[in-house]
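K.L.:
mind looking at a prediction? Sequence and model below.
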Amino acid sequence: MLDEILGLFIDEVAKLVPDVVWGALFLLIGLLTATIGVTTLLGVATLGLSPRFGGILTAVGAALVLGVLVARYR
């Protein structure tokens with residue numbers, strides 16, 4: 001019951017927001033994630049995170065950015 005209500009809510013929100021806004025949101029999140037990942041990987045950031053975590057953040061951020069760009073120009 002709760003999962004049906006939540007699914008309906010998410011579907012309605014997804015219908016209200018245009019695809020361009022979703023693309024811009026994922027692009028910004030991807031760029032931010034990749035930037036934090038690279039600075040962590042290089043040891044510039046003082047977040048106290050490991051270089052391995054920085055590599056993972058960089059890969060996730062790059063995947064988000066590339067996914068948006070592929071979907072946009074497809």
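P.N.:
Cool, got the structure.

K.L.:
what ranges do the helices span in the chain?
P.N.:
Using DSSP state H, the helices assigned to the chain run over residues 2-16, 19-42, 51-72.

K.L.:
can you pull the buried residues of the last one?
P.N.:
Meaning helix 51-72. By neighbour count, with 16 or more other CB atoms under 10 Å as the criterion, the buried positions of helix 51-72 are 54, 56, 57, 58, 61, 62, 64, 65, 68. The way it works is simple: take the backbone N, C-alpha and C, and place the C-beta from them, glycine included.

K.L.:
quick one: residues in contact with that helix.
P.N.:
Applying CB atoms under 8 Å, 6 or more residues apart in numbering, the contact partners of helix 51-72 are 23, 26-27, 29-43, 45.

K.L.:
just the buried members of these?
P.N.:
27, 30, 33, 34, 36, 37, 38, 39, 40, 41.

K.L.:
how close does the residue nearest to the last one when sequence neighbours are not counted get to residue 39?
P.N.:
I take that to be residue 41. Residue nearest to residue 41 in three dimensions, not counting chain neighbours: residue 54, with 3.3 Å by CB to CB, 6 or more residues apart in numbering. Look at residue 54 and residue 39: by CB to CB, to the nearest Å, they are 7 Å apart.
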